[in-house]
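Q: Okay, predicted coordinates and the sequence, questions at the end:
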Amino acid sequence: MSVEKPPPAATPPPVLSSHQFIESLYQEWKNDPSSVPEQWRHFFQGFELALSTQDGAAGDQGRKQSQVASLIYAYRNIGHLVAQLDPLGSSRPDHPLLALDAFGLAESDRDQVFDTGHLGGIPQRATLREILAMLRETYCRTVGVEYLHIQDTHVRRWLQNEMEPRHNRTDYPAERKFETLDLLTDAELFETFIQSRYPGHKRFSLEGAESLIPALHAIVELAPDLGADELVLGMPHRGRLNVLANILDKPYEVLFSEFEDVPLPDMYGGDGDVKYHRGFSSDHLNRHERGLHIALVANPSHLEAVDPVVEGKARAKQRRRDDTGQRRRVLPMLIHGDAALAGQGLAAETINLSQLEGYRTGGTIHFVINNQIGFTTSPEEARSTRYPTDVAKMVEAPIFHVNGDDPEAVMLVSELALRFRQELGRDVVVDMVCYRRHGHNEGDEPAFTQPLLYEKIRKRPPVRLLYKQRLVEEGLLSNEDSERRAMAFKERLEAAFEAVKVQCPLPDPQEHAYGGLWQGLDAPFSHEPVATGVEQERLIEVARTLTNVPDEFALNPKVARQLARQRESVDNGGRVLWPVAELLAFGTLLTEGSPVRLSGQDSERGTFSQRHAVWHDMKTQQAYIPLNHIRDDQARFCVYNSMLSEAAVLGFDYGYSLTEPDMLVLWEAQFGDFANGAQVIIDNFITPAMDKWQRSSGLVMLLPHGFEGQGPEHSNAYLERYLAACAEDNIQVCYPSTAGQYFHLLRRQLKRPFRLPLIVMTPKSMLRAPEAASPVEELASGSFREILDDPEPPRRPRRLVLSSGKLFWELQAARDEAKAPAALLRVEQLYPFHDALARQLADRYHGVEEVVWAQEEPQNRGAWSFMFPRLLELVPDTPLRYAGRAASASPATGSLRVHKQEQAELIRSALAVS
Ligand SMILES: Cc1ncc(C[n+]2csc(CCOP(=O)(O)OP(=O)(O)O)c2C)c(N)n1
């Protein structure tokens, strides 16, 4: 089996020999010198000069020199095609594109001396034989590098200078080699020990990829010397227990107790998760006594879903640690499986975030455990690309392919990747080609589907033995030495195993959910209102920024007029529209020292042209963020237009919120409908994280929602999905109906002794609706109210109509017009549902003939299914009725006419008017 994908038989790609390639490039250069890369321009200039100035023999020599230059280029470019990358592969035949005759050179030229140009690790003049030996050693042994897709000459040179002078070879001293053998021993024996003591348990063994452990060890040792003091690590199931034990030093006793499946103490609470998904953190001290905090982020089974979460977490740590320059102190690293990296869009989305202003993290190290299989799927079935890492080429990341059975080479490129990240601040990839010794899990029979491959694997000695043999051959070790180490390690594991049999240890307190910044945020959810009003002077102070245009700044006059009107209403104690209430909520929090981060598609201006959180000078395009100019000692407002993705961006902002309990972190969907593109993040992190991993988040999701005739994808934020996930006070789901309520809701998020994700159905038409505006005094005092009573109920109501959000205003208008005897309650917070308050309000309308739940959404959607059992319990003796659209497969109609008919009908039905 080969890591290289054969080209599809039906449509062979055009293959140019290097000779033809250079010839065609030469023609291009002749037509337009600027059309070829810079180094080729110099090369062709020199070539022509040589041709024009030399006599016949020297001209021949000049031509040969240029052919040697192309050969050097070719090795740098495609040397990886013949590198020995696959531990199971046989020696790779020479590639025709690298044969001497492909460059117009002959065997007889081997001893001729040439200029070696920029080639490092070799004298300026050398024979072709020496040049070839150097190139093959550097680019065609157990390391294969892809880097010529990088357009920036400086970056390419940097890589060449790192690789060529040392020929991509290690020169580790004996102690380092012994340490490497020890690490391989720990990695292998950890797996075989568990296999012998806990047969039949899933552990997703690392065997076949044990070199991951010395590679990670090399990274955590070197990182503190290169300025990092924190590593945020994301990884899937494969080898995770091994990494926990052998890199993060999670005690063997704790790991074994998880195999025993003993109920966890109260501190852990909840339903928990399988052991190979849990997070953990620890502190590593390197050989120079420099510390590195390592945080392995809890991840779900959904492969690659953790990627953006890791990035968001790293970014938040960078901000908190004042690491926003080069971003060297906090280092994100992602470990991928080959099939998952190639297949999952989230991985590509995350890589695409890597250079964006609001999301960059100074480069991520991607490490691929390329075991050349995904469950039972082989590479030919898993991707259309040659390598699983091709996706990283879109950000011009260098890619180091390396043979997993050469641990020193794996360490070498891992250290190189780390240096690259620390110096150049960009993503980089290590693709460790290896194999999977067992089935997908230990109970799986891999030979059902890959019989030949597994026959080879069965015969393949573990990398520990191969490496030990290498050290014995190098005269550094005797067989007995290494066995002594293995015995000692086994004894240590045995002791841990026996200890757990007697008593399971308490988990490390570091895993406690409410340590550090989260201290004091462990209260359970409470319906107790919290005062979130802000004195009017401060509201005015914040609103003033809306018209404080810097000198010389050419603000768009339409925007200026809109903002001036809004400011006036605050100054005069008038009514505040929704977008102003939002800016006032943000601004007042900033003045209280709480930073705010808002990210989403076009969030700076606002999809509905309502927010204008960032102004753009009409002449210079220069940006200005008024909310960052309230006062000198305020916190920062970070607002970003995101890339056009939901999953990665929501995952990123969720990850950010894990680190920042005292920051209001908001993600906004363009329309709430599109949040389903991020369903994997919602289902795996936002709604269950507290239950699975005891991790809180105060993330706010803003989801524009409301039936206004804009069709199936611009009406419905799928409220029902969030409600279906509600249990154990895990999230808050709100659909406020006034600007004031929204103001208090946002501020409340940071003012209580707990953090819970907040899902808000936000408005579209209500953004500008005067009825949804609130008097300034409503913002100046009070708090968010979970259920709103009817401000002007009829004297003798015959029915009680409950609804949520925008529909209330339409019901109220229709009720008033028809003088219908209906009292209208607004459920502004659907979950956690305030039963006691609901009961109190329902009692006020005791004696009505019926209770109606009214909604705009079709019956199979919206809040009806959620509210039905709650209302039954609330008013068991009163008939209960649904008023809303009929159940529908599509979320909303595409016809404005039908929409209006439906809307009028459901309002009539709710109020029982004709
Ligand atoms: C999104 C998603 N789809 C499917 C699965 C089921 N699944 C678990 S592991 C796996 C194979 C992964 O292959 P690879 O990424 O190469 O990692 P390996 O297990 O080989 O280390 C699959 C399909 C999953 N966990 N996540």
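A: All right, it came through fine. Numbering: from 1, shown residues only.

Q: that's a strand at I294, yeah?
A: Yes. Counting by DSSP: H, G, I helix; E, B strand; the rest coil, I294 is located in a strand.

Q: Tell me the spacing between the spatially closest residue to K819 that is not a sequence neighbour and the ligand.
A: What sits nearest to K819 in space, not counting adjacent residues and going by Cβ to Cβ, 6 or more residues apart in numbering, is P794, at 7.7 Å. Every residue, glycine included, has its C-beta placed from N, CA and C. Using Cβ to the nearest ligand atom, to the nearest Å, we find P794 at a distance of 54 Å from the ligand.

Q: same deal with T170?
A: Distance of T170 to the ligand, computed by Cβ to the nearest ligand atom: 26 Å.

Q: And I131, by the same measure?
A: Using Cβ to the nearest ligand atom, we find I131 at a distance of 38 Å from the ligand.

Q: near the ligand, which residues of this structure show up?
A: Along the chain, the residues adjacent to the ligand under the rule Cβ under 6 Å from any ligand atom are 238, 301-303, 337-340, 344, 369, 371, 373-375, 436, 440.

Q: Spit out the contact partners of the residue nearest to K819.
A: For P794, the contact set (Cβ atoms under 8 Å, 6 or more residues apart in numbering) comprises R815, K819, A820, P821, A822, A823.

Q: Give me the pLDDT value at it.
A: We have a pLDDT of 97 for P794.

Q: Report the secondary structure state of it.
A: coil.

Q: Report the beta-bridge partner residues of the residue of the chain found nearest the ligand.
A: Residue nearest to the ligand within the chain: G337 (2.1 Å; Cβ to the nearest ligand atom). Beta-bridge partners for G337, by DSSP bridges, are I369.

Q: burial count for the residue lying closest to P398 once chain neighbours are set aside?
A: Excluding the flanking residues, the one nearest P398 by Cβ to Cβ, 6+ apart is Y147, at 4.3 Å. Burial of Y147 is recorded as 22 neighbouring residues (other Cβ atoms under 10 Å).

Q: Next up, phi/psi of Y147, please.
A: Dihedral pair for Y147: phi -150, psi -10, per degrees, to the nearest 10.

Q: Check it and give its pLDDT.
A: For Y147, pLDDT reads 98.

Q: wouldn't it be in contact with A397 here?
A: No. Shown here, Y147 and A397 do not form a contact pair, counting by Cβ atoms under 8 Å, at 9.0 Å.

Q: Does V680 touch L650 like I think?
A: No. Taking Cβ under 8 Å as the definition, V680 is not a contact partner of L650, at 9.4 Å.

Q: Between those two, point out the one with more neighbours.
A: L650 (30 against 19).

Q: wait, is that one part of a strand?
A: No. Under three-state DSSP, L650 falls outside any strand and is assigned helix.

Q: distance of it from G516?
A: From L650 across to G516, the span is 24 Å (Cβ to Cβ, to the nearest Å).

Q: Just the buried residues from the residues of the chain next to the ligand, in ChimeraX please.
A: Buried residues among those (16 or more other Cβ atoms under 10 Å), as a ChimeraX selection:
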select :238,302,303,337,338,339,340,344,369,371,373,374,436,440
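
Q: in the chain, what spans have low per-residue confidence?
A: Residues of the chain meeting the criterion pLDDT under 70: 1-20, 42, 45-58, 262-271, 506-512.

Q: helix or strand for the residue nearest to the spatial centre of it, which one?
A: Central residue of the chain (Cα atoms, centre = their mean): P308, 0.5 Å from the mean position. Assigned by DSSP states H and E, P308 falls within helix 306-320.

Q: Next step: the contacts of P794 restricted to strands.
A: Using DSSP state E, the members of the contacts of P794 that fall in strands are A822, A823.

Q: Top of the contacts of P794 by number of neighbours, please.
A: Going by other Cβ under 10 Å, A822 tops the contacts of P794 with 27 neighbours.

Q: got the residue ranges for the helices in the stretch 551-700 of the chain?
A: Here the stretch 551-700 of the chain has its helices, by DSSP state H, counting those that start in this stretch, at 557-571, 578-591, 647-659, 679-681, 689-693.

Q: Redo these as JSON lines? Include distance to N548.
A: Below are the helices of the stretch 551-700 of the chain laid out as JSON lines (distance: least, Cβ to Cβ, whole Å):
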{"stretch": "helix 557-571", "distance to N548": "9"}
{"stretch": "helix 578-591", "distance to N548": "12"}
{"stretch": "helix 647-659", "distance to N548": "29"}
{"stretch": "helix 679-681", "distance to N548": "38"}
{"stretch": "helix 689-693", "distance to N548": "40"}
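
Q: of all these, which lies closest to D632?
A: Taking Cβ to Cβ, helix 578-591 is the member of the helices of the stretch 551-700 of the chain nearest to D632, at 10.7 Å.

Q: what inclination does that closest one have with respect to helix 557-571?
A: Relative orientation of helix 578-591 versus helix 557-571 (axes from the mean of the first three to the mean of the last three Cα atoms, to 10 degrees): 70 degrees.

Q: quick one: buried residues of helix 578-591?
A: Those would be 578-591, for helix 578-591 by 16+ other Cβ under 10 Å.

Q: name the helices or strands packed onto that helix?
A: Helix 578-591 sits against helix 536-544, helix 557-571, strand 596-600, strand 637-641, helix 739-748, with contacts defined as 3 or more Cβ pairs under 8 Å, 6 or more residues apart in numbering; DSSP states H and E.
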